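> turn this into a structure:
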Amino acid sequence: MPALNVEFTDRELEDLRQIAKERGTSMKALVREAAAADIARHRALQEGAEAFRSFFTAHAEEFAAAFPDDERRASGEAA
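A predicted model of the protein is given here:
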């Protein structure tokens, strides 16, 4: 499996040691779990943004009718 060397300040490293100890896990597992959680969060945000774009595109006319002032601003006209 590929690996990655990550540098931490002395304070960060001590904090990681303490957290890993409190959780009864290794520092390696702690850092990997944190990275995996951030990756999952990033993917979820991307998927949510794509779902919003798709929904907005599918309902663009309804949004334009419901928010005509925003529609004029979006097309460069003064509000």
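
> centroid residue for the chain?
Centroid check for the chain by Cα atoms, centre = their mean gives His42 as the closest residue, at 3.5 Å.

> what segments of the chain are helices?
Counting by DSSP state H, the chain has helices at residues 10-23, 27-58, 60-66, 68-74.

> now those in TSV, with distance to Met1?
(Each C-beta comes from the backbone N, C-alpha and C, glycine too.) Shown next, in TSV, are these (distance: least, Cβ to Cβ, whole Å):
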stretch	distance to Met1
helix 10-23	20
helix 27-58	10
helix 60-66	45
helix 68-74	48
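
> and of those, who's closest to Pro2?
Proximity to Pro2 (Cβ to Cβ) singles out helix 27-58 among the helices of the chain, at 12.2 Å.

> chain center to the closest one: distance?
Helix 27-58 has its C-alpha centroid displaced from the chain centroid by 5 Å (Cα atoms, centre = their mean, to the nearest Å).

> and stretch 19-30, by the same measure?
Taking Cα atoms, centre = their mean, the mean C-alpha location of stretch 19-30 is offset from the chain mean by 24 Å.

> show me where the protein dips below the pLDDT cut-off.
Across the chain, the ranges flagged by pLDDT under 70 are 72-79.

> now do 50
The chain contains residues with pLDDT under 50 at 79.

> buried sites along stretch 5-23?
16, 20 (16 or more other Cβ atoms under 10 Å).

> now stretch 28-44
By 16+ other Cβ under 10 Å, the buried positions in stretch 28-44 come out as Leu30.

> who touches that stretch?
With contact meaning Cβ atoms under 8 Å, 6 or more residues apart in numbering, stretch 28-44 is reached by 6, 16, 19-20, 23, 25.

> likewise for stretch 53-62?
Residues contacting stretch 53-62 (Cβ under 8 Å, 6+ apart): Phe63.
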